[in-house]
Each structure stands twice: as structure tokens, then as C-alpha cells.
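Asker: Any chance you could fold what I've pasted below:
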Amino acid sequence: MVGGGTAGWLTANHLGQALLGKNTEITLIESPTIPTIGVGEGTVPSIRHSLEKFGIRETDFIRACDVTFKQSIKFVNWLDKTKHGENYYHHLFDHPYIFGEEVTQQWLANGSQHRYAAAVSKQEICCEENYAPKTIATPEYVGVNGYAYHFDARKFATFLMKHAQTTFAVKHLYADILDVSLDDNGFITHLIDSNNNQLPYDFIIDCSGFSAAIIGKKLNIGFIDRSEELLTDTAITLQVPTSSEEEIPPYTIATAHQAGWIWDIALTQRRGVGFVYSSKHMDEACAVKKLHHYLGNKFTDLKPRKIPIKVGRREVFWHKNCVAIGLSQGFVEPLEATAILLTDFSAGLLSKRFPLLKADMEYLAPDFNQRVTHVWESTFDFIKMHYCISDRNDSSFWQDNRQLAGISKRLKSNLARWQHFAPLREDFDSKFDLFDLENYLYVLYGMNYLPRKDAITEPVAAIADKQYAFKANRITQLLAELPKHRDLINKIHQFGLQKN
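Answerer: Numbers count the residues shown, from 1 in each chain. Model (predicted):
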């Protein structure tokens, strides 16, 4: 593997676990001079499965990586404030049908007076009141509510590195890879480092980040630019210190502004805050000023770090004996924690069908490329939807996001249908959709993108009433049982969680 960071070491653990005992040697080559991006601090619930599969104790992970729990993304002011006032909705990690589909049907029939997430789930109030998703007695990787994590990205990469080395015997080499040697058929035979050493490897995984040092620069796999579809192209970030007494929101905050949005992620001793914007709609000086305004102008002595965002993907992800994973595959933007999600998915998929023979590649590569392409395209659609269904009109940025030319044919078709009919499971025809029906429901209904109002039958209404009553009782129980978020984190550091 070429490249470290979260992508490289997450991939190393996936392959290490899958290839253990198969007489395969894994080496991760990391540049001693090129820093990692190090700002991917949010995840989705699927990461729990990966960490558990690797044999990592959740307690150890939480203690080592400044981990806090994430139960939702709270979207603030993604609708027009002149129409709706200060507004928000939650994209929760609990399933919206946990109490039954009838609750949603009744919510739609009654004119949807209350927020969708609050109506169908027990989790929104837990988020708003800063409750944890589990108790100290809940086993590792098990939740009373659905959850993922926030963490320090650099600490996470180091933690994964140590685990890969000690558990799966992954080798670690520091070197700058400057070139490759190819055979007559275009397969890589050697990596060439800055000292002109020729390093022989049978299979190369490019985790070199935005540079795509192997798949892009050496194998000349093209990049499909999607900047006309997703308009944000720059982020400026700050790490803001916090007090150990402050409450920790158990969710990511995503606050819309006139040319993009702001992420706000709370760890135990600091917040990671990033101002994402379109440079065509806002200049850097204005962005810095607005970031500091968001923080109450309390940290004006801190200078933000600027990160260019190159939106798009590779034409293919597996070429000959090289696979791109992580930012070398492409990039969407930070909304919905897509970077680690796509890395985790791609590395997990590769580990399940890793070629042990050169002849295997011609059978495995087309399937991998087809599935990962689908994942990328459906992810572009999901992220774009957040922008194009907004009714904000306060700037050209939001107006430009609704231009039909920037919306894919598939998304246009779905949105047209969902104006009349509620989304169905069957609308998502691939089991490789990383964002499925439940994700779309929270965003569509959170942003008032509703189907036509149909009357509800008496039998369905009666079932829904029972489900509402059960939900209300369950919420009362949870608020009595669950600890506050910071209290649980402190207890985990002190006592640890039960092994599952």
C-alpha cells in the first residue's frame, strides 16, 4: 500500500484480517515528508462492524482516539429563514420505521406539523438533550440507540497502524515513492523510491490521497470532474479548545450559510470546525470572517487551515494490479461523512475478493469497478439532493444548486416521483446503495420535500396511535436510563465497557 492516514491503515486492517494465514505479506509505505489531511472526524454506523471485525476493543478505541458518540447529523438553516425562521432537522441513525411504517403514514396524512425525526423516532430528543446512545453496562459495539463516532483523525490512524502491525503483522516502511516500473502488459512490477531503490510488489493499493500518485499520475487513469454538480470547492478549518465541563453534543452540526455550510464536531477537549464554501460565490477573506463570526469572534487569534476540494472520481478504481482507495478514488465533500464511509466500503469489498493469483484479477476487477462506480454515483446524488431541494433564495449559490443541468437524470426522476408518491424500498434497486430509504426519508421530510397528502384509513390510524403511545413510553424510559454523553465518555475512560 502506498500512503498512510486513515485510508491506508483502515485498508491495511481490512486486508490483514481477511488474508491472515494465507501466506500473503502486506507492506504499507508512508511518505516521511507528506502530511495527511487529518480532518475526517465523523463516521456512520457501519464503522462499528469494521472495528469489531478487526478484533479492536471499543473501550481501547474510545480511550486512544479522543472518541465521542455520534447519533445524528443536525442540519441547521438548510431551509429559507424568511419562511421558516431558524430551522433544523436531524438525520438520525435510528431507523425511521423502528416503531412501524404507520407512524410515517399518519405524520404525512396529518399535515406533518411536527419535525419528522421527532415524530417517528425516540432518538431526536436523546440528541437534543445530550444523552449517550448506550449505558456503561451496554456491551461493546451494541447501542440502545444507533450510533457512530467522532474522533481525532490522526490519533485514529496511529491506533489503526499499531493494531495492523501487532495483530496482522503488517509491515511499515517510510519512503517517498517517485515512480513505478511496468511490464509489457502495463502491470506494475516495482515501486521506485527517492533513493532509486526498486521495490518489488505483486499488487499495489494507492492510498496516496488527493495526489493519486500511482493510479492517476503513473497509470494515467482519468478524473471525472463533478464540480458543476457539487459547487463547494474549498474548506477552511480550525480546532477550537473546549472545557472539560462543557456538554458534548452527540451529533455533528451542519449549519448552512450563503455559499455552503459549516461542520461542527465536538470531541472531549476540542471542537473541529470547518467552513465549506464555493469560491465562485464567496472569497476567502469573507469565508474567514464568517467562520470567526460563527465562533462568536472568540478565537480570532487562530489562523484557519485551507483545504482545496476537488470534487469528482476516477474513471475506474481498479486498473491492472493497482486499486485506488480513499481520496485517490475521488472526493465528494465532507457532508454526511462520505470520505471514511467510501474508504471503509471499498476496502471491505476488496478484502472479500482479494486476488491471490494474477489470473484472478481479470475476473475481479470489472465487478469491483462496477460496484464502486455505483456507490460513487449514488453518493453524488444523495449529497446533491441536500442542496437542490432547499428553498433558500438568499444567494446565487442556493439558486445555482437548483439548476437542472447540475442534477443527474436519476435524481431528477426520483425527485419528480417523490413529489407525488412516498419513497419505497424498491426505489433503491442495489444492495450497494450506501444511503438507503431511511437516509432519504430523514432528509426529504426534514426539508419539507413531501409527497401529495393522502387520507389515512382508520385501521392504519389506530395502529399508528398505538405506535405513538409505545414510542412516548419508550422515550420516558430512555431519559431515565441513559447517561449524559460526557458522563458516559468519562465512565468508559475510568471503567471500560463490557466485552461483547
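
Asker: would you say Ile221 is within a strand?
Answerer: No - secondary structure assignment places Ile221 outside any strand; it is coil (DSSP: H, G, I helix; E, B strand; the rest coil).

Asker: ok, how many other residues are close to it?
Answerer: Taking other CB atoms under 10 Å as the criterion, the count of residues near Ile221 is 21. Every residue, glycine included, has its C-beta placed from N, CA and C.

Asker: now it: how far from Lys171?
Answerer: Computed with CB to CB, to the nearest Å, the distance linking Ile221 and Lys171 is 27 Å.

Asker: What are the buried residues along stretch 269-287?
Answerer: Arg271, Gly272, Val273, Gly274, Phe275, Val276, Tyr277, Ser278, Ser279, His281, Met282, Ala287 (16 or more other CB atoms under 10 Å).

Asker: Also stretch 71-85?
Answerer: Taking 16+ other CB under 10 Å as the neighbour-count basis, stretch 71-85 is seen to contain the buried residues Gln71, Ser72, Ile73, Lys74, Phe75, Val76, Asn77, Trp78, Leu79.

Asker: Just put the residues you listed in TSV and tack on distance to Arg313 and pLDDT.
Answerer: Shown next, in TSV, are those (distance: CB to CB, whole Å; pLDDT from 0 to 100):
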residue	distance to Arg313	pLDDT
Gln71	29	98
Ser72	27	98
Ile73	23	98
Lys74	28	98
Phe75	25	98
Val76	29	98
Asn77	29	98
Trp78	25	98
Leu79	30	98
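
Asker: Closest one to Ile248 out of the residues you listed, please.
Answerer: Each of the buried residues of stretch 71-85 was checked against Ile248 using CB to CB; the closest is Gln71, at 11.5 Å.

Asker: List the contacts of the closest one.
Answerer: With contacts defined as CB atoms under 8 Å, 6 or more residues apart in numbering, the neighbours of Gln71 are 92-94, 123, 126-127, 133, 145-148, 250-251.

Asker: please redo it, this time with the cut-off set to 6 Å
Answerer: For Gln71, the contacting residues are Phe93, Gln123, Cys127, Pro133, Asn145, Tyr147, Pro250, Tyr251, by CB atoms under 6 Å, 6 or more residues apart in numbering.

Asker: cool, Tyr442 as well?
Answerer: Listed by CB under 6 Å, 6+ apart, the contact set of Tyr442 reads His91.

Asker: Also the one 4 residues further on?
Answerer: Under the criterion of CB under 6 Å, 6+ apart, the contact list for Gly446 reads Tyr89, Tyr116.

Asker: How confident is the prediction for it, by pLDDT?
Answerer: Gly446 carries a pLDDT score of 97 in this model.

Asker: Can you tell me how far it is from Lys53?
Answerer: 32 Å.

Asker: how many other residues sit next to the nearest residue to Lys280 once chain neighbours are set aside?
Answerer: Spatially, and ignoring its direct neighbours in sequence, Lys280 is nearest to Leu231 (7.0 Å; CB to CB, 6 or more residues apart in numbering). Summarising burial for Leu231: neighbours were counted as other CB under 10 Å, giving 23.

Asker: That'll do, ta.
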